[in-house]
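Engineer: all I have is the shape, not the residue letters:
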């Protein structure tokens with residue numbers, strides 16, 4: 001089953017970087033309004049244990065990264081994002097909160113600069129719903145490539161399946177995609193087994209009318225070469 005999307009993605013990479021540079025001053029407000037419950041649920045499911053190797057793809061302002069690294073003081077936590085300004089904000093946050101802040105890297109999730117099966121956990125929130133269906137598939141394969149066998153994948157994204165929300169959001173996305181940060185509802189849980197993952201748990205959490213799907217999956221074997 002292919003990745004399902006409410007509408008095809010409309011934004012190019014340079015547009016995405018520009019959007020999040022402009023939205024940076026307001027992003028924390030949006031997080032508090034609609035993302036906190038889903039993020040707490042995702043961090044619970046991620047169950048980070050000390051001395052693990054953890055990668056967050058699409059760190060944004062560093063909200064989840066601070067928690068992931070704080071739970072893993074003896075391990076390695078790395079954050080990546082395509083937007084340099086987001087990385088600067090994340091660096092400010094983790095540097096002020098943690099004694100040993102995690103390293104950050106500007107890169108594209110479709111070509112992660114890490115060795116095969118390096119990480120125990122790959123965590124990504126509200127990033128894949130920016131990408132086209134084909135780019136989502138590429139990104140997920142990259143995540144599987146860098147995960148260890150038995151490694152965990154934790155994804156959050158705007159959830160497809162609420163008829164009224166899909167229509168309302170889709171209308172605004174079609175008219176002014178930049179206003180919504182370039183994200184649109186998608187469905188991934190049914191696609192992940194085709195990509196080589198075993199889905200362990202799916203939670204659907206709605207906050208202030210905005211639905212998020214939280215997915216815990218595992219990499220049951222060696223990444224496909």
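Structural biologist: Done, it's in. None of these values were measured; they are calculated from a predicted model.

Engineer: only C-alpha atoms for contact and neighbour calcs from this point on.
Structural biologist: OK.

Engineer: please point out which parts of the worst-scoring helix or strand of the chain on mean pLDDT sit buried.
Structural biologist: Within the chain, no helix or strand scores below helix 13-30, which has a mean of 81 by mean pLDDT, DSSP states H and E. Of the residues in helix 13-30, 16, 17, 19, 20, 23, 27 count as buried by neighbour count, 16 or more other CA atoms under 10 Å.

Engineer: low-confidence regions, the protein specifically.
Structural biologist: Applying pLDDT under 70 to the chain picks out residues 221-225.

Engineer: name the helices or strands packed onto the longest strand along it?
Structural biologist: Scanning the chain for the strand with the most residues, using DSSP state E, yields strand 147-158. In terms of contacts (3 or more CA pairs under 8 Å, 6 or more residues apart in numbering; DSSP states H and E), strand 147-158 is packed against helix 36-46, strand 119-125, strand 210-218.

Engineer: with adjacent residues omitted, what lies nearest to residue 202?
Structural biologist: Nearest in space to residue 202, with sequence neighbours left out and distances taken as CA to CA, 6 or more residues apart in numbering, is residue 215 at 4.6 Å.

Engineer: wait, doesn't that neighbour sit right on residue 205?
Structural biologist: No. Assessed by CA atoms under 8 Å, residue 215 is found out of contact with residue 205, at 11.0 Å.

Engineer: may I have the strands that pair with the helix or strand hosting residue 78, each with its orientation?
Structural biologist: Counting by DSSP states H and E, the element that carries residue 78 is strand 76-81. Partner strands and pairing direction for strand 76-81 (DSSP bridges) are strand 53-57 (parallel), strand 104-106 (parallel).

Engineer: ok, and what's touching it?
Structural biologist: 51-60, 65, 68-69, 87, 102-109 (CA atoms under 8 Å, 6 or more residues apart in numbering).

Engineer: so which elements touch the least confident helix or strand of the chain?
Structural biologist: Against helix 13-30 (3+ CA pairs under 8 Å, 6+ apart) you get helix 84-97.

Engineer: give the buried residues for the helix it packs on.
Structural biologist: In helix 84-97, counting by 16+ other CA under 10 Å, buried: 84, 85, 86, 87, 89, 90, 91, 93, 94.
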